[in-house]
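K.L.:
the sequence and its predicted three-dimensional model are supplied below.
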Amino acid sequence: MDTTKALSIFVMVARTRSFTQAASGLGLAPPGVSRVVAQLESHLGVRLFHRTTRRVSLTDEGQRLFERADAGLQLLTEAMDRTAYDNRHSEGTIRIAAPRSLGTTLVVPLMAAFQEQHPEIRFEIALEDHLTDLVAQRIDVGFRAGAKPEGNLIVRPLRKMELSICASPRYLQRHGRPRSERDLTAFRCTGFRHPNIGRPVPWELRYEEGVSLSDIPAVAMFNDVEAEGAAVRAGIGIGQLPHHIVERDIELGNLVPIFPELVSNRFGIFMYYAHRTNLPKRVREFVDYVVQSPFVQRSTDEFSRTSSYHRPPLGVALAS
């Protein structure tokens, strides 16, 4: 028995005090309405109506059920109407998951700019460094830096993730600047330990022959890229960091790029969301806004790249 349908028919009969009028209002045949009410009475084990040839009235049990069912059905109707309204209007909460490295550089600026156009939208942000299960965590949109997310997802590439080598002016004044990439092992450098696998991440340099991976000794090792960026700004050492973390500092002169012609960009920054055909309007609008945002549209070829260096340094060479 379809309980919701049965209760809707029962409520209509209770309101009209007529099986015939209820059937007409619902577009059903009177015998069908009588049959559904009888099934409901049998299911509950109580009589809901007093029936005579001239009138229909509620029993005490029917009256109590009517009061509760009528209120419940009204709530269901309001919920459905509200859901349909929300899908036509930009209201509600957008839940976002992203790694910590994209929190301040990507998510917060996008959120702030989007809310200027849609002040009625609320955000809930979860910053975590592992790939989030969107369905289990009730996430609307996820962001990822690194390899392309896999699985039954819609994935939108936003931009290449460049890995820039840089140092603070203070560090360069005190320690000098490496003349070639082979000199890096003789300088004080920072390092990044992957938070999920616990291994140091090798540095990457791109040549015409491909990408070279090198293990650079670190005077300070981090498992948080924002903290490593702060260490490089403080002059602790030379670091290789995602360009979106340091691009503003480079523009302001707080950091100086080193070997910009060898920047590696084999990874990317991605937006992903569940494979759903009926995204809420607020989520659709946010996704469209992100794709058109300056962060995505801005050219990633901001560094001049020359062919001065073609030989790979000591390390593992990867094909392009």
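P.N.:
Yep, it's here. Residues are numbered from 1 along each chain as shown.

K.L.:
after the helix or strand Arg64 falls within comes which helix or strand?
P.N.:
Assigned by DSSP states H and E, Arg64 belongs to helix 60-88. Reading on from helix 60-88 to the C-terminus, the next helix or strand found by DSSP H and E is strand 92-98.

K.L.:
and that following strand, what's buried?
P.N.:
The neighbour-count check on strand 92-98 (16 or more other CB atoms under 10 Å) flags Gly92, Ile94, Arg95, Ile96, Ala97, Ala98 as buried. Glycine gets a C-beta too; all of them are placed from N, C-alpha and C.

K.L.:
for stretch 203-220, same thing?
P.N.:
By neighbour count, and taking 16+ other CB under 10 Å as the criterion, the buried residues in stretch 203-220 are Trp203, Glu204, Leu205, Arg206, Tyr207, Val211, Ser212, Leu213, Ser214, Ile216, Ala218, Ala220.

K.L.:
can you put the buried residues of strand 92-98 in TSV and add distance to Gly72?
P.N.:
Putting the buried residues of strand 92-98 into TSV (distance: CB to CB, whole Å) gives the following:
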residue	distance to Gly72
Gly92	23
Ile94	30
Arg95	28
Ile96	34
Ala97	35
Ala98	39
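
K.L.:
quick one, helices of this protein?
P.N.:
Under the criterion DSSP state H, helices of the chain are mapped to 3-16, 19-26, 30-44, 60-88, 100-102, 108-117, 134-137, 169-175, 225-233, 243-252, 281-291, 294-297.

K.L.:
let's have these in CSV, adding mean pLDDT, mean neighbour count and distance to Pro157.
P.N.:
As requested, these are arranged in CSV below (pLDDT from 0 to 100; neighbours: other CB atoms under 10 Å; distance: least, CB to CB, whole Å):
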stretch, mean pLDDT, mean neighbour count, distance to Pro157
helix 3-16, 87, 18, 44
helix 19-26, 87, 17, 51
helix 30-44, 90, 15, 54
helix 60-88, 75, 13, 27
helix 100-102, 86, 21, 14
helix 108-117, 92, 14, 16
helix 134-137, 68, 13, 18
helix 169-175, 95, 14, 34
helix 225-233, 93, 19, 20
helix 243-252, 90, 17, 14
helix 281-291, 90, 17, 10
helix 294-297, 71, 13, 9
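
K.L.:
got TSV for these, with distance to Glu162 too?
P.N.:
TSV is the format used below for the helices of the chain (distance: least, CB to CB, whole Å):
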stretch	distance to Glu162
helix 3-16	55
helix 19-26	64
helix 30-44	66
helix 60-88	38
helix 100-102	13
helix 108-117	18
helix 134-137	27
helix 169-175	21
helix 225-233	13
helix 243-252	4
helix 281-291	19
helix 294-297	13
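
K.L.:
identify whichever of those lies nearest to Ala126.
P.N.:
Distance to Ala126, taken as CB to CB, is lowest for helix 134-137 among the helices of the chain, at 6.9 Å.

K.L.:
what angle sits between the lengthiest strand in the chain and helix 225-233?
P.N.:
Identified as the longest strand of the chain according to DSSP state E is strand 153-167. Between the direction of strand 153-167 and that of helix 225-233, the angle (axes from the mean of the first three to the mean of the last three CA atoms, to 10 degrees) works out to 20 degrees.

K.L.:
tell me the mean pLDDT over strand 153-167?
P.N.:
Regarding strand 153-167, the rounded mean pLDDT is 90.

K.L.:
packing partners for that strand?
P.N.:
Identification of packing neighbours for strand 153-167 by 3 or more CB pairs under 8 Å, 6 or more residues apart in numbering; DSSP states H and E yields strand 141-146, strand 203-207, strand 239-242, helix 243-252, strand 256-258, strand 264-274, helix 281-291, helix 294-297.

K.L.:
residues contacting the third one, please?
P.N.:
So the one you mean is strand 239-242. For strand 239-242, contacts defined as CB atoms under 8 Å, 6 or more residues apart in numbering pick out 101, 145, 161-167, 189-190, 192, 203-204, 216, 225, 228-229, 231-232.
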